[in-house]
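quick one, structure for this:
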Amino acid sequence: MGEDFREIQDYLGRIVDNVEKIIVGKREAVELSLLALLCGGHILVEDVPGVGKTSLASALSRSLHCSFRRIQFTPDIMPSDITGFSLYNQKTGEFEYRQGLIFSSLILADEINRASPKTQASLLEAMEENQVTVDGITYPMSRPFMVMATQNPADFVGTYPLPEAQMDRFLMRISLGYPEFTDERNILRRFKEEDPELKPVARGEEIIALQHAVRKIHVDESLYDYLVRISGATRKHPDVTLGASPRGTLALFHTARARALYRGRDYVTPDDIKPLAKPVLAHRLILKPESKLRRVTAEDVLSEILEQIPVPMGRQA
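Okay, the predicted model is just below:
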């Protein structure tokens, strides 16, 4: 795909519009999902049941003409189910590799926190390095590749909370939330007979080309300082035990560039960074127990930090 940024903006807008045929009134969440895909990152969707978490992943995959696989995480699912395993072939006298469920362009890891920590950990290599290693042999993932994992914060019976290392692998955490009155009424009208049919509006190779384009988006030196100050402030905040890692700073850096491309620009502004700070960094922060008792949230901490750190002067969106 060429470097006509207006054309790219229209192209990405068509993807979002297509997904919105299924996901009504949640354009911001759809846009964030697309930004994660443009960065080659992964998303954790945390919300109550029935608000469209699975539908979001399915609609995005159908819009992109990419392979899609839903993995229902349960306590008895094994790491080998995810990564694959070697099976002895009696005819040839050799071991043959059988692919696991992870081999697809877009993976819906449904209720990921219901699986054991060992099974959760089987995703780490694929999410970080786009590959899996079985019996010392490395197998690359298909491209593009994205994991959209869901978990339900309202039901912790029989669940295994994701460890910090696993949470840090997710580029961002989003929440759909309940629809507004008008949006929910539109859902009833739209789905009164049958689900809207989605046709692909993008191809995998085009998304890969746009992932390369994201890496070319210009970021001014002053914004490097701004990004580092935001992450650094989370590590010093009195309500925080564990602040954002350098991986978190890089995640905010890349998603800001993806947002600039989505907005039809070849440069990043502070307005690209600020709205992404919470979905990209909040799930990486661990608050002190006494702060949680005072009902302080990671989003509250980031709101305070963004208000306190001076915004660099320069080109605005």
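
the strands in the chain, which residues?
Along the chain, counting by DSSP state E, strands occupy 43-46, 68-72, 84-89, 94-99, 106-110, 131-134, 137-140, 146-151, 172-174, 240-242, 286-287.

export those as TSV, with columns for mean neighbour count.
Quick note: C-beta positions are derived from backbone N, CA and C, even for glycine. Output for those, formatted as TSV (neighbours: other C-beta atoms under 10 Å):
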stretch	mean neighbour count
strand 43-46	24
strand 68-72	16
strand 84-89	13
strand 94-99	12
strand 106-110	24
strand 131-134	16
strand 137-140	12
strand 146-151	25
strand 172-174	24
strand 240-242	15
strand 286-287	16
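
please name the residues that touch the nearest residue to F253 once chain neighbours are set aside.
Distances taken as C-beta to C-beta, 6 or more residues apart in numbering place L227 nearest to F253, at 5.6 Å, with adjacent residues excluded. Residues near L227 by C-beta atoms under 8 Å, 6 or more residues apart in numbering: T249, L252, F253, A256, I273.

pretty sure the fourth one sits against P270.
No. Checked against C-beta atoms under 8 Å, the pair A256 and P270 is beyond contact range at 9.0 Å.

neighbour count: those two, which is higher?
Comparing A256 with P270 by other C-beta atoms under 10 Å, the one with more neighbours is A256, at 28 against 22.

quick one: contacts for that one?
Neighbours of A256 in contact, by C-beta under 8 Å, 6+ apart: V219, L223, L227, V268, D272, I273, L276.

can you rerun that using 6 Å?
V268, D272, I273, L276 (C-beta atoms under 6 Å, 6 or more residues apart in numbering).

report the separation between the second one and V280.
Using C-beta to C-beta, to the nearest Å, we find D272 at a distance of 11 Å from V280.

with the third one instead?
I273 sits 9 Å away from V280, going by C-beta to C-beta.

equivalent analysis for the first one, please.
In this structure, V268 and V280 are separated by 14 Å, where distance is defined by C-beta to C-beta.

more neighbours: which of the two?
Taking neighbours as other C-beta under 10 Å, V268 and V280 compare with V280 leading, 31 against 26.

tell me the bridge partners for the spatially closest residue to I137 that is not a sequence neighbour.
Of all residues not flanking I137 in the chain, Y97 sits nearest, at 7.0 Å (C-beta to C-beta, 6+ apart). Beta bridges link Y97 to S86, judged by DSSP bridges.

restricted to helices, list the contacts of A256.
D272, I273 (DSSP state H).

for stretch 200-217, buried residues please.
For stretch 200-217, the buried set under the neighbour-count rule, 16 or more other C-beta atoms under 10 Å, comprises V201, A202, G204, E206, I207, L210, Q211, A213, V214, I217.

repeat that for stretch 296-316.
So, applying 16+ other C-beta under 10 Å, buried residues of stretch 296-316: V296, A298, D300, V301, L302, I305, L306, I309, P312.

list the contacts for the second one?
Think A298. A298 makes contact with A282, L285 under the criterion C-beta under 6 Å, 6+ apart.

what's the distance between it and G100?
33 Å.

same check, this time on the fifth one
Distance of L302 to G100, computed by C-beta to C-beta: 36 Å.

what's the answer for the third one, then?
When distance is defined by C-beta to C-beta, D300 is 40 Å away from G100.

who are the contact partners of the residue nearest to P179 when sequence neighbours are not counted?
The shortest distance from P179 to any non-neighbouring residue, by C-beta to C-beta, 6+ apart, is to G25 (5.1 Å). Residues in contact with G25 (C-beta under 6 Å, 6+ apart) are P179, E180, D183.

by neighbour count, which of those residues wins?
P179 (17 neighbours).

need phi/psi at that one.
The phi/psi pair for P179 (degrees, to the nearest 10) reads phi -70, psi 160.

I309 is in contact with R229, isn't it?
Yes. Using C-beta atoms under 6 Å, I309 is in contact with R229, at 5.1 Å.

state the distance from the residue nearest to P179 to G177.
In terms of C-beta to C-beta, G25 sits 10 Å off from G177.

ok, L276 next?
Noted for L276: a distance of 18 Å to G177, by C-beta to C-beta.

of these two, who's got more company?
L276 (21 against 13).

correct me if wrong: that one contacts H254.
No. Applying C-beta under 6 Å, one finds L276 not in contact with H254, separated by 9.9 Å.

count of neighbours near the nearest residue to V132 once chain neighbours are set aside?
Leaving out its chain neighbours, the residue that sits closest to V132 by C-beta to C-beta, 6+ apart is T83, at 4.5 Å. Residues near T83, counting by other C-beta under 10 Å, number 21.

before I go, just wanted to say thanks for your time.
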